[in-house]
Every structure is written in C-alpha cells, then in structure tokens.
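J.: for reference, the sequence and a predicted model appear below.
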Amino acid sequence: ESTGYVVHNELNLPVLICTNAVPLPPHTRVRGLATGPQWSEGSIVKAFTNSIGAFPHAPIKYLLVTTADIYMSDDENFVFSTTYQWGAIVSSARFSLSPAGKSLVLQHVAKQSLCALLKSFGIRQSADHNCVTSYTRNLEEFDAKGNRPDAETTELFQQALAKINLGWQRYKTSRPVSVK
C-alpha cells in the first residue's frame, strides 16, 4: 500500500493494488551460503505472464513486488529491480537484509518501485544522484540517492505519458462502436 501511495502521489497515476500472489517458480541458482537461492528475472516474468494470460490492450503498467532475490545475467550478483515495457519487477530481498526494520524496507521498496516504473516509460537513468532513477550498485549508494524524480526526469515522464494518452485516445476513437 505504501508503494501505491508513493506512485500515485509522485506520478499522479491511478493505482490498483492486487494482492493475488503469483506462485514463485523454483529458484534458478544458488550463490553460496550467504546469498542463498536466487531467481532469474526471466523465470519470474514467465510465471507472471502465465498467470495473467494475455496483456489487455490498454495503457496499463504492472508492478510485481517479490521477496525473491533476483538477477538478470550470470555475471550479476543481484538487481534491485528490472524494467519492461509492461512495467517492472522489484525485489525486496536486499532491502530485507537491513537491520533497520520493516518500515525502512517498505520505504526502500517504494523508492525502487518509483524508479523502475519511471524507467518502464522509456526514461533513461539520470546522471543526477539526487534523482530516484540514478544508478546504484549497493544499498549504501541506494540510500544516498534521491527519493524523487528530478526536473528533467519529471519532464520526460510527462512527455511519455502524454504520448501514451494520445495513442490510447486514437485507438479508442478508431474502434467501431457497436450499437445494441
């Protein structure tokens, strides 16, 4: 719920929270005793897409939040999130390692979710470390970066959203109306 609140307030997007769980597939690797089981982002995407069937033809973004520790390639130890045209996957696994407690984990998940959703609109990561979309390699860098999009990222988001809205309006008006 805190993540939905942040997304709604920062991006002014409507948010629907679905608590239906997507069954986690078997883990795809184990990286030693300290790390434990991990899941490739592809295995989670496959489980998600299998659970929903076809994506609706609508300007909808999905945000999957998981406790699974995710990675994108064999060269990477982990990622906080991964982004797709349809939305993003955010992992709370690395945030849960913090001794600060549940409220900080929720703040971290909301911050990373905001970052990942912005990137799902085609917005590149910002070079401004005060921007929520700036790149981080570890939890210390993550904590040090900003919590909100900077002015340039906000402008790019508004442009992307306007383009999506225009395309959606054109799609809706091009469809024949059935009269009963």
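T.: Arrived safely, thanks for sending.

J.: now tell me which helix or strand of the protein has the poorest mean pLDDT.
T.: Across the helices and strands of the chain, mean confidence by mean pLDDT, DSSP states H and E is lowest for helix 32-35: a mean of 74.

J.: any idea which helix or strand comes after that one?
T.: strand 37-40 (DSSP states H and E).

J.: neighbours of Leu13, how many?
T.: Residues lying near Leu13 (other Cβ atoms under 10 Å) number 13. For glycine as for every other residue, the C-beta is placed from the backbone atoms N, C-alpha and C.

J.: again but with Asn130, I slipped
T.: Look at Asn130: counted by other Cβ under 10 Å, it has 13 neighbours.

J.: cool, and His108?
T.: 21.

J.: for it, what is the enclosing helix or strand?
T.: Assigned by DSSP H and E, His108 belongs to helix 102-120.

J.: who does that helix touch, helix- and strand-wise?
T.: helix 2-11, strand 62-66, strand 81-84, strand 87-91, helix 139-144 (3 or more Cβ pairs under 8 Å, 6 or more residues apart in numbering; DSSP states H and E).

J.: again, 10 Å this time
T.: helix 2-11, strand 62-66, strand 81-84, strand 87-91, helix 139-144, helix 151-174 (3 or more Cβ pairs under 10 Å, 6 or more residues apart in numbering; DSSP states H and E).

J.: next, the angle strand 62-66 makes with that helix.
T.: 140 degrees (axes from the mean of the first three to the mean of the last three Cα atoms, to 10 degrees).

J.: CA atoms only for helix 102-120, dumped as CSV, please.
T.: Output of helix 102-120 as CSV, limited to C-alpha atoms (Å, rounded to 0.1, in the frame of the first residue of the first chain):
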residue,chain,number,x,y,z
LYS,A,102,10.0,-3.3,8.2
SER,A,103,9.3,0.4,7.8
LEU,A,104,12.7,1.0,6.1
VAL,A,105,12.1,-2.0,3.9
LEU,A,106,8.8,-0.5,2.8
GLN,A,107,10.4,2.8,2.1
HIS,A,108,13.1,1.1,0.0
VAL,A,109,10.6,-0.9,-2.0
ALA,A,110,8.5,2.3,-2.7
LYS,A,111,11.6,4.2,-3.8
GLN,A,112,12.8,1.4,-6.1
SER,A,113,9.3,0.9,-7.5
LEU,A,114,9.1,4.6,-8.4
CYS,A,115,12.5,4.3,-10.1
ALA,A,116,11.5,1.2,-12.0
LEU,A,117,8.1,2.4,-13.1
LEU,A,118,9.6,5.6,-14.5
LYS,A,119,12.1,3.5,-16.5
SER,A,120,9.2,1.4,-17.8
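
J.: quick one, that helix and helix 151-174 angle?
T.: Interaxial angle, helix 102-120 versus helix 151-174 (the same axes, to 10 degrees): 60 degrees.
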